[in-house]
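Asker: this one's structure only:
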């Protein structure tokens, strides 16, 4: 790769999937060629994201690899990209999960309109990567909305029997939130300065945020928060998620859980906290309450689920509750734990949806009561699936433990000026960890052990392709659990800067 290309590595991350659409258009009706083009394109994107990671300087809290070109100068809109410790690990996570989703789908999971499916995934990757790179609010909104279209198609065309209902519900919820955020972006633009000097550049807005009054921040924070809460989703905006997951094809569920939900938590940290410290403080008690409710509600509902895929979907509600809790306790431990939990959730829950999809392709059953005894026939599947279940419930030594531990540590240190503190919220959130062990281990026992059904005796264990998809996720789950500091070193400086902006004494005073 030439030095010039390395200078514009962030733009290349957006261009490569778009470039892949060109040869894909010529082979759109050739299933084999379409798969090859998509696999090569997403693999190149994965390699490029690792190159980007190698160029990142650990310890620098500011934006790096910064690119800025005027786009619509009359409106103060720029093509502005950059990465910091918040986003730099989320991008390789995105490219890896996209590559593995395309690779798994090429094995026969998608049987109709394969070329169109691969095209939708490449377009989806543009939106997902762009969300984590954009530093201009308008550009962020473009990528945020771009994710919606291909996911709508992936669920609506290649989904299950109730795909139309699920995809319409998904679109209506997320579109409503996006429109609220658009209203907030317009308000920020109008308040950013006088005519001719207005901007939507995040670094410039942070520098000028003293212009935003307390009342302005109160309402604009709410507009942004609703958009991000729906995307995560937080209770009570979560009802679209189980339906979307149940009806989505396996690859769609992997990226929906692994990447799209992270756009909500990322948005809170990237935009809401540093731009609106007054608004953050005003809405803090409600957001803490909703986070703990999500942890407990998601866990309790998961316990009673009869559908295996729906159980994993509701577990995502609980796990993302830890993310928002870590964000809004407003200390470095909690926020670093929240970002680490986003990484962990991407790899572990993405893997769980992969394995639910693998067994469904073999057994054509998803009801837990219809399964049982699979460990007797699938030792390799059982081993992989068991490790990811243990990671999801937070076993020490695996990645799930680190994020939840840091979030709980930050929660116990939470000491607000008014209202209950960490000694109240911490034990409640910890109950969610106990409940996770209950529903995950009970599910694993019912699915994998007991008497094997006659219909499943001849079904094969994991194929080489399925092992190839699972191994990278397994390796990362173990490495992040044993050597978490390698990731935390990237995350911590930028997160400390964001928390300092959100708790600036000029705007808010915390005890």
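Answerer: Nice, thanks for sending it over. What you are looking at is a predicted structure, and each value in this text was computed from that prediction instead of being measured.

Asker: in terms of helices and strands, where is residue 129?
Answerer: helix 114-133 (DSSP states H and E).

Asker: next SSE after that helix?
Answerer: Following helix 114-133 in sequence, per DSSP H and E, is helix 137-146.

Asker: mind listing residues that contact stretch 474-491?
Answerer: 56, 58-59, 85-86, 88-89, 336, 339-340, 343-344, 347-348, 351, 384, 387-388, 391, 396-402 (C-beta atoms under 8 Å, 6 or more residues apart in numbering). All C-beta atoms are positioned from the backbone trio N, CA, C, and that covers glycine.

Asker: so where is the stretch 401-511 of the chain shaky, pLDDT-wise?
Answerer: 507-511 (pLDDT under 70).

Asker: which residues in it form helices?
Answerer: For the stretch 401-511 of the chain, applying DSSP state H, counting those that start in this stretch gives helices covering 422-448, 464-482, 485-502.

Asker: inside helices: which ones of the contacts of stretch 474-491?
Answerer: Among the contacts of stretch 474-491, the members falling in helices (DSSP state H) are 336, 339-340, 343-344, 347-348, 351, 384, 387-388, 391, 399-402.

Asker: out of those residues, what pair is the most spread apart?
Answerer: 336 and 384 (28.4 Å; C-beta to C-beta).

Asker: give the buried residues for stretch 200-218.
Answerer: 200-205, 208-209, 212, 216-218 (16 or more other C-beta atoms under 10 Å).

Asker: tell me the average confidence for that stretch?
Answerer: On average, the pLDDT along stretch 200-218 is 90.

Asker: tell me how many other residues crowd residue 430.
Answerer: 15 (other C-beta atoms under 10 Å).

Asker: quick one, whichever strand or helix holds residue 47 and helix 485-502 angle?
Answerer: When elements are assigned from DSSP H and E, residue 47 belongs to helix 31-55. Orientation check (axes from the mean of the first three to the mean of the last three C-alpha atoms, to 10 degrees): helix 31-55 against helix 485-502 gives 70 degrees.

Asker: how about residue 121: what's its closest non-neighbour residue?
Answerer: residue 102 (5.6 Å; C-beta to C-beta, 6 or more residues apart in numbering).

Asker: looking at the chain, which helix or strand does the model trust least?
Answerer: The helix or strand of the chain with the poorest confidence is helix 3-7; it has a mean of 52 (mean pLDDT, DSSP states H and E).

Asker: quick check: phi and psi at residue 89.
Answerer: Note on residue 89: backbone dihedrals following degrees, to the nearest 10 are phi -90, psi -20.

Asker: how close does it sit to residue 218?
Answerer: 32 Å (C-beta to C-beta, to the nearest Å).

Asker: now residue 53
Answerer: For residue 53, the distance to residue 218 - C-beta to C-beta - is 38 Å.

Asker: nearest residue to the one residue sitting closest to the centre of the chain in space, please, no chain neighbours.
Answerer: The centre of the chain sits closest to residue 262, judged by C-alpha atoms, centre = their mean, with a distance of 2.5 Å. Leaving aside its chain neighbours, residue 262 sits nearest to residue 342 (4.8 Å; criterion: C-beta to C-beta, 6+ apart).

Asker: which residues touch the one you found?
Answerer: Residue 342 neighbours (C-beta under 8 Å, 6+ apart): 90, 262, 265-266, 323, 403.

Asker: kind regards, and thank you for your time.
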